[in-house]
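Enquirer: My questions concern the predicted model and sequence given below.
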Amino acid sequence: MGNENFEIKSALQIIELLKKYKSAKTQDEKDNLIKQMDDIDGFANRLLEKYSPDELIEKITKAISLEQYRPKNMPISLFAINKDLDYVNGEFDTFNRDLSIMYNNKENPKQIRETFVAGTANIYKLAKQFSADWLRRLNNHKDLVDKVRNADEENMVDAYNKLFVALTQDFCQEYGCYIDSRVITDWEKSDIKPKGDYDITDGFHKNAYELNLPSGISDEEKDRIKKDFVKNPAGYPNSHKSSLVRVNITNVKKHNQDKDYFFYKMISVFAHEIHHALDYQKPRQGALGPQIQYIDNDIYVPSHTDKDAYYKSATEISSYVIDKELYDLLKNARF
């Protein structure tokens with residue numbers, strides 16, 4: 001499977017529909033074309049109330065040409081009408097003034113979370129893209145996939161660890177991130193663990209920082225640097241964000257006895273946690289954008305503390321949608 005960009009494909013379809021809309025003779029024809037646009041992109045047809053078809057075609061075409069700078073949580077159609085589009089010539093991040101005011105005024109986190117739904121509106125289209133990308137990566141490691149699917153109980157953890165390492169390496173090479181992913185059998189014995197809900201937590205992601213130590217230095221100097229590093233990891237020279245991802249194979253199997261569904265769930269849980277890592281390390285490449293990621297991380301509440309707040313977290317909204325989309329894709333494809 002190639003690296004097809006679902007969003008670009010949809011934007012090009014919108015342009016073709018807009019061209020047809022321009023030449024449509026009857027209102028019925030126009031209504032039918034608007035419905036098609038609505039099925040592809042819920043924003044594009046509404047923009048016809050403000051812009052002519054020619055204006056939209058021009059703006060969407062320009063937005064496509066600037067795709068490398070578009071933050072992924074902003075649909076192409078909204079990027080196309082952004083007031084700053086004509087000035088984009090480098091990294092471009094979404095910014096919501098109202099959200100910034102709410103956060104700076106320390107308004108109720110519950111109210112702030114309500115804005116995350118609109119701020120992650122592009123997740124459903126992105127989830128299709130991300131899921132297709134995971135399917136592509138799995139196809140690149142058919143030998144390891146076969147081994148996990150045929151592994152007995154004694155070798156299953158090792159087989160999944162090898163598959164997850166390979167998939168993580170592919171993902172990090174594409175996104176330029178740092179992730180240590182492993183399969184564990186018991187949260188009590190894991191090097192990192194959630195603070196609660198051990199029996200029902202399938203996967204866990206922890207934010208971290210890594211330090212690149214200079215070569216050729218003594219052990220004493222290494223120890224000194226490491227001690228300084230732990231005092232302020234984020235601000236230490238030559239440090240970078242990294243992530244620790246763990247998937248609890250015992251819990252996944254407990255709720256997925258069918259061997260096929262067990263495999264699908266192991267992969268979707270793994271992807272769920274990997275996309276938390278993407279949100280943390282490269283928020284512009286995920287469904288959040290830097291502003292939402294920063295605020296969401298600051299007001300994040302774990303599920304054992306407040307389940308409602310947990311499920312309304314922007315990164316959880318994103319990862320659960322990707323989790324379900326990938327699981328359904330694998331199941332429907334009978335991978």
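Expert: Structure's in. What do you need?

Enquirer: Now stretch 201-219 - C-alpha only, CSV.
Expert: Extracted C-alpha coordinates of stretch 201-219, given in CSV (Å, rounded to 0.1, in the frame of the first residue of the first chain):
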residue,chain,number,x,y,z
THR,A,201,-5.8,-0.6,31.5
ASP,A,202,-4.5,-2.1,28.3
GLY,A,203,-1.8,0.4,27.4
PHE,A,204,0.1,3.3,28.9
HIS,A,205,2.2,6.2,27.6
LYS,A,206,4.5,8.3,29.7
ASN,A,207,6.1,11.6,28.7
ALA,A,208,9.9,11.6,29.2
TYR,A,209,13.1,13.3,28.2
GLU,A,210,16.4,11.7,26.9
LEU,A,211,19.9,13.1,27.1
ASN,A,212,22.5,12.8,24.4
LEU,A,213,25.8,12.5,26.3
PRO,A,214,29.0,13.8,24.6
SER,A,215,31.4,11.1,23.5
GLY,A,216,34.8,10.6,25.1
ILE,A,217,33.9,11.8,28.6
SER,A,218,34.7,10.0,31.8
ASP,A,219,32.3,8.0,33.9
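
Enquirer: and the spatially closest residue to Ile217 that is not a sequence neighbour, what element?
Expert: Nearest residue to Ile217, sequence neighbours excluded (Cβ to Cβ, 6 or more residues apart in numbering): Ile225, at 7.7 Å. The way it works is simple: take the backbone N, C-alpha and C, and place the C-beta from them, glycine included. If you go by DSSP states H and E, Ile225 is part of helix 219-231.

Enquirer: quick one: buried residues of that helix?
Expert: By neighbour count on 16 or more other Cβ atoms under 10 Å, the buried set for helix 219-231 is 225, 229.

Enquirer: Next, the angle helix 219-231 makes with the helix or strand following that helix.
Expert: Beyond helix 219-231 on the C-terminal side, the first helix or strand identified by DSSP H and E is strand 239-248. Put simply, strand 239-248 runs at 80 degrees to helix 219-231, going by axes from the mean of the first three to the mean of the last three Cα atoms, to 10 degrees.

Enquirer: which helices and strands sit right next to the following helix or strand past strand 239-248?
Expert: Next helix or strand after strand 239-248 toward the C-terminus (DSSP H and E): helix 249-254. Under the contact criterion of 3 or more Cβ pairs under 8 Å, 6 or more residues apart in numbering; DSSP states H and E, helix 249-254 touches helix 156-175, helix 259-281.

Enquirer: what's the closest of these to Asp39?
Expert: Closest to Asp39 of those, according to Cβ to Cβ: helix 259-281, at 25.7 Å.

Enquirer: what about the closest one, distance to the chain center?
Expert: Offset of helix 259-281 from its chain centre (Cα atoms, centre = their mean, to the nearest Å): 11 Å.

Enquirer: before we move on, what about stretch 104-112?
Expert: Distance, stretch centre to chain centre, for stretch 104-112: 24 Å (Cα atoms, centre = their mean).

Enquirer: quick one: average confidence on it?
Expert: Stretch 104-112 shows a mean pLDDT of 94.

Enquirer: Do me a favour and get the end-to-end distance for that stretch?
Expert: Using Cα to Cα, to the nearest Å, the end-to-end distance of stretch 104-112 comes out at 11 Å.
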